[in-house]
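Participant: Okay, sequence plus prediction incoming.
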Amino acid sequence: MAAADLMVLIFEVILSEIAADNSSHTFLNLYHICKLRILFNCTSIDCSVWLTVTFTFDRFITICNQNLRAKYCTEKTAAVVIIVTCILSITQNVPVYIYLAPLYIIDNVAWYCWVPSDVYTTPIGAAVALIETILTPVVPILLIILLNALTIKHIIHANRVRSALRRDNKAGCAADQEVENRRKSIILLLAISGNFVLLWMVNFVCFMSVNFLDVHLLGSDYNDPFTIAELSGYMLRALSACTNTFIYGVSQKKFREEFKYVIKSPFILLFKSIKRLFYFVLLHLTPGVNTVGSWKQFTLSTNSVVGTSWGSCAHDINPRGDRETLRHPPSIRGQSRKEEPAGASSTGR
């Protein structure tokens with residue numbers, strides 16, 4: 001889902017803005033390149049929307065149907081669903097690729113692409129436009145609202161049963177962590193549904209207006225109210241691709257842990273480099289010095305600057321790749337443990 005949303009940002013935002021620059025004719029504005037760009041743009045949007053639906057369905061199965069959870073919530077099933085969703089999204093947007101026509105022909109070179117206004121007047125074109133509007137975003141909006149509503153209903157019912165059992169066991173006064181987790185799940189589901197519906201509503205209204213009003217998509221008159229509303233809908237649609245993944249990701253504890261690790265990684269690597277440099281200086285410039293005891297003293301003195309967790313992480317990591325170096329520093333590794341200096345004993349590790 002995150003990959004599909006990233007493709008939306010690449011094709012819908014970055015490449016579209018580059019192609020919209022009127023200062024020069026880039027290769028992105030060539031007719032055939034323009035058709036491919038719009039095809040990938042529409043495909044990535046459909047993939048993003050329908051993967052959001054599949055993710056919502058996955059959460060519904062996980063919470064509401066424990067019997068089906070073991071069969072459906074597997075890596076193999078997830079891979080099959082993702083592949084089928086991508087293939088169907090490409091198939092859905094093939095008519096758009098076919099209907100696109102060149103906007104200008106300069107020196108026998110076709111530039112830009114657009115959907116001719118007479119396409120929507122034909123029965124086939126009107127049917128294709130209506131089907132595309134139903135598939136994206138009418139059906140996804142209805143499915144997301146329905147699945148989240150059923151999930152919330154199941155959570156509320158489970159909370160009532162749990163509260164009744166705790167009341168019978170005279171444990172109702174104590175804080176219930178399970179109920180708190182379920183409350184957070186309800187807030188998450190409501191946020192996802194509201195975000196998706198609100199950000200897609202303008203685009204949905206514009207698509208439906210094409211079938212009932214004398215207006216056309218991809219107009220060139222930027223002073224036209226319908227064109228302004230259409231472009232605003234595209235902007236909100238691109239924003240939806242960002243916020244869906246962000247809301248789903250930030251709500252997961254594993255995601256937050258990985259994000260913290262990414263933030264800390266540069267500092268941990270810097271601390272490792274300082275440790276290697278410290279060992280190098282002690283081993284080559286001051287032979288015979290107790291490297292372990294000196295490094296431990298240095299680590300304790302720097303924990304207040306870089307944080308205890310980073311210092312302890314760096315202290316557990318041996319720059320030479322094995323723990324033997326910490327037990328027997330290179331300057332005394334050849335001696336037996338009985339002949340170790342007092343500063344290199346096990347208490348100084």
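Facilitator: Received it, and whenever you're ready, just let me know what you need. Residues are numbered from 1 along each chain as shown.
Participant: Beyond the helix or strand where residue 124 lies, next helix or strand please.
Facilitator: Using DSSP states H and E, residue 124 falls within helix 123-133. Using DSSP H and E, the next helix or strand after helix 123-133 towards the C-terminus is helix 139-168.
Participant: Show the average pLDDT along that next one.
Facilitator: Taken as a whole, helix 139-168 carries a mean pLDDT of 85.
Participant: Could you give me the buried positions within whichever helix or strand comes after it?
Facilitator: Per DSSP H and E, the first helix or strand lying C-terminal to helix 139-168 is helix 177-212. Across helix 177-212, burial judged by 16 or more other Cβ atoms under 10 Å covers 182, 185, 188-189, 191-193, 195-197, 199-200, 202-204, 206-207, 209-210. All C-beta atoms are positioned from the backbone trio N, CA, C, and that covers glycine.
Participant: Could you measure from residue 247 over to residue 28?
Facilitator: Distance, residue 247 to residue 28, by Cβ to Cβ, to the nearest Å: 32 Å.
Participant: need the strands for the stretch 1-150 of the chain, in chain order.
Facilitator: Per DSSP state E, counting those that start in this stretch, the stretch 1-150 of the chain carries strands over the ranges 101-106, 109-114.
Participant: Adding mean neighbour count, distance to residue 68 and mean pLDDT, write those strands out as a markdown table.
Facilitator: As requested, those are exported to a markdown table (neighbours: other Cβ atoms under 10 Å; distance: least, Cβ to Cβ, whole Å; pLDDT from 0 to 100):
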| stretch | mean neighbour count | distance to residue 68 | mean pLDDT |
| --- | --- | --- | --- |
| strand 101-106 | 13 | 47 | 86 |
| strand 109-114 | 17 | 45 | 86 |
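Participant: Reformat those strands as CSV; add distance to residue 33.
Facilitator: Converted to CSV, these look like this (distance: least, Cβ to Cβ, whole Å):
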stretch, distance to residue 33
strand 101-106, 12
strand 109-114, 9
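Participant: Relative to residue 13, which of those is closest?
Facilitator: Closest to residue 13 of the strands of the stretch 1-150 of the chain is strand 109-114 (Cβ to Cβ; 18.4 Å).
Participant: How far away from the center of its chain is the closest one?
Facilitator: How far strand 109-114 lies from its chain's middle: 34 Å, per Cα atoms, centre = their mean, to the nearest Å.
Participant: likewise stretch 113-125?
Facilitator: 35 Å.
Participant: what comes up buried for it?
Facilitator: 113-115, 119-120, 125.
Participant: what are the ranges of the helices in the stretch 1-150 of the chain?
Facilitator: Remark: helices assigned in the stretch 1-150 of the chain by DSSP state H, counting those that start in this stretch are 2-8, 16-19, 31-64, 66-72, 75-92, 94-99, 123-133, 139-168.
Participant: Serialize the ones you listed to a markdown table and add fields for distance to residue 224.
Facilitator: Putting the helices of the stretch 1-150 of the chain into a markdown table (distance: least, Cβ to Cβ, whole Å) gives the following:
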| stretch | distance to residue 224 |
| --- | --- |
| helix 2-8 | 25 |
| helix 16-19 | 19 |
| helix 31-64 | 20 |
| helix 66-72 | 47 |
| helix 75-92 | 28 |
| helix 94-99 | 21 |
| helix 123-133 | 19 |
| helix 139-168 | 26 |
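Participant: so which of those helices comes closest to residue 276?
Facilitator: The nearest among those, by Cβ to Cβ, is helix 2-8 at 35.1 Å.
Participant: Distance check, residue 94 against residue 277.
Facilitator: 59 Å.
Participant: Test my guess that residue 16 contacts residue 41.
Facilitator: Yes: counting by Cβ atoms under 8 Å, residue 16 does reach residue 41; the two are 7.2 Å apart.
Participant: Tell me which of these two has more neighbours.
Facilitator: Higher neighbour count among residue 16 and residue 41: residue 41, with 21 against 16, using other Cβ atoms under 10 Å.
Participant: Might you list the low-confidence residue ranges for the stretch 201-349 of the chain?
Facilitator: In the predicted model of the stretch 201-349 of the chain, residues 211, 217-220, 248, 280, 282-349 satisfy pLDDT under 70.
Participant: Let's see that with 80 instead.
Facilitator: Applying pLDDT under 80 to the stretch 201-349 of the chain flags the ranges 207-208, 210-222, 241-242, 244-256, 259, 275-276, 278-349.
Participant: I'd like to know how many residues surround residue 159.
Facilitator: Residue 159: 16 neighbours (other Cβ under 10 Å).
Participant: Repeat that for residue 141.
Facilitator: 18.
Participant: Against residue 191, how distant is the closest residue to it other than its chain neighbours?
Facilitator: Nearest residue to residue 141, sequence neighbours excluded (Cβ to Cβ, 6 or more residues apart in numbering): residue 197, at 5.6 Å. Residue 197 is 11 Å from residue 191, where distance means Cβ to Cβ.
Participant: same check, this time on residue 85
Facilitator: 23 Å.
Participant: next one: residue 29
Facilitator: On the measure of Cβ to Cβ, residue 29 and residue 191 end up 39 Å apart.
Participant: Same question for residue 70.
Facilitator: In terms of Cβ to Cβ, residue 70 sits 28 Å off from residue 191.
Participant: Thanks a lot, catch you later.
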